[in-house]
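>>> Compute the structure for the input listed below.
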Amino acid sequence: MSARGEGEGEITAFGKALDVRSFGPARPGATDEMRAEPARALDAYEQAMRDFTDAQTRADAPGALRALDEGRYALAGLYALLVGRPLPEHIPLCFFDGQHGHATQQVSWAPPGGVARTIAVCATDAFRLADSPSPVTAQRGRHSGVRAQPRDAKPHTTPLVRAPQPQVSGKGGSGEQTYQLTLPPYRPAVMVFSTRGRTRVHLRFDGRKGRSSRLYRLSGDGTPITARIPLPEGTKATAFRVFAAADQEAWTVTAAPLREVPRFHDEISGTGSDVIHYRGEPGPGVLHYAGPSLIQLEALDERLAHSVTLAEGRAGKHTFRWPGRGYYQVRSAGAWSLSAT
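Alright, predicted model coming up:
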């Protein structure tokens, strides 16, 4: 079979898998989380076909390989939800080349002149990165790995193969620059804002559609920040500005599926704004807050748009009632904990 035929065969096989594992959204007991998985799988299938349309070989369509991998994981997640098992761990393809197969470890890497980030790579690329003191760039091939960059080569500011998910990165922020995050084809999705060190950050979005406010306060409360923020539907990109307490603190922003949202039944804690997935039953709940300013607990609808505010107040204990399973947003500038009683 030719290299192009191999790629076409993979897409066809995945299309058949979509038919075999058809899932009716009106199925008794179906949840929003279940309905999201086949939608993501179908989006991945269509994306793979688009990326492979003009490709001559399988190696010419790295986006198609990553889309198929995302789609296969979505089907595996649907099956796990249907049988009541935990979602399987998602092991991404090698960052430098999807043909290398699934990654085996995460390493810190930066393109020449770029900001360091954590990437998932195969075993061979991890060895080559650790063994090479020089900047590296990717080579495509059956398994070409990475190589030292020639001294007279023109520096690359981005990897030759695009990242699995849209990503924006920077250092600090005075709010003067507007950043654009390209949104993924699947919805709903969240923005994940993270820093390598501890700091306090304010994010201000240009649009308020689906949000209760355009301003988000993020804090790690002495630890690096990892915060999730709902992404709006109906747009191809979202614009935001960064106000950071530390001028040189590196940060990254990525778009991610709902499986990145923390799940809990009885109790969860965090710092600053975040999105959480409550898996318990309707009933009384308690919000404890130990930070400055106000805190709000908001229920989100199936599109992750703001639905209703359940609790609001300053530091202390606040009681409310959980409407039931679903996604919720905590908006605060300090440490908090949530529990079901």
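>>> Surely Ser169 and Val253 touch.
Yes: Ser169 is in contact with Val253 according to CB atoms under 8 Å; the separation is 7.2 Å. Where you see a C-beta, it was placed from the backbone N, CA and C, and this is true even at glycine.
>>> Just want to know which of the two has more residues nearby.
Per other CB atoms under 10 Å, whichever of Ser169 and Val253 has more neighbours is Val253, with 20 against 16.
>>> and stretch 327-341, how far apart are its ends?
Chord length of stretch 327-341, first to last residue, is 18 Å (CA to CA, to the nearest Å).
>>> Mind listing what's buried along it?
Tyr327, Tyr328, Gln329, Val330, Arg331, Ser332, Ala333, Gly334, Ala335, Trp336, Leu338, Ala340 (16 or more other CB atoms under 10 Å).
>>> who does the host helix or strand of the first one pair up with?
Spelled out, that is Tyr327. For Tyr327, the element it lies in under DSSP states H and E is strand 326-331. When pairs are called by DSSP bridges, strand 326-331 turns out to pair with strand 274-278 (antiparallel), strand 295-300 (antiparallel).
>>> Among the buried residues of stretch 327-341, which pair sits farthest apart?
Using CB to CB, the buried residues of stretch 327-341 reach their maximum pairwise distance at Ala333 and Ala340, which is 24.3 Å.
>>> average pLDDT across the strand holding Tyr327?
Average pLDDT, strand 326-331: 94.
>>> Need the strands paired with strand 326-331 in a markdown table (columns: mean neighbour count).
Shown next, in a markdown table, are those (neighbours: other CB atoms under 10 Å):
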| stretch | mean neighbour count |
| --- | --- |
| strand 274-278 | 21 |
| strand 295-300 | 21 |
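>>> To Thr118, which of those lies closest?
strand 274-278 (19.9 Å).
>>> Contacts made by the closest one with the rest, please.
33, 190, 227-230, 258, 261-265, 268, 270, 300, 304, 322, 324-330, 338, 340 (CB atoms under 8 Å, 6 or more residues apart in numbering).
>>> make it 6 Å
Applying CB atoms under 6 Å, 6 or more residues apart in numbering, the contact partners of strand 274-278 are Val190, Ala227, Arg228, Val261, Pro262, Arg263, Ile268, Tyr327, Tyr328, Gln329, Val330.
>>> Closest one of those to Gly9?
Val190 (33.7 Å).
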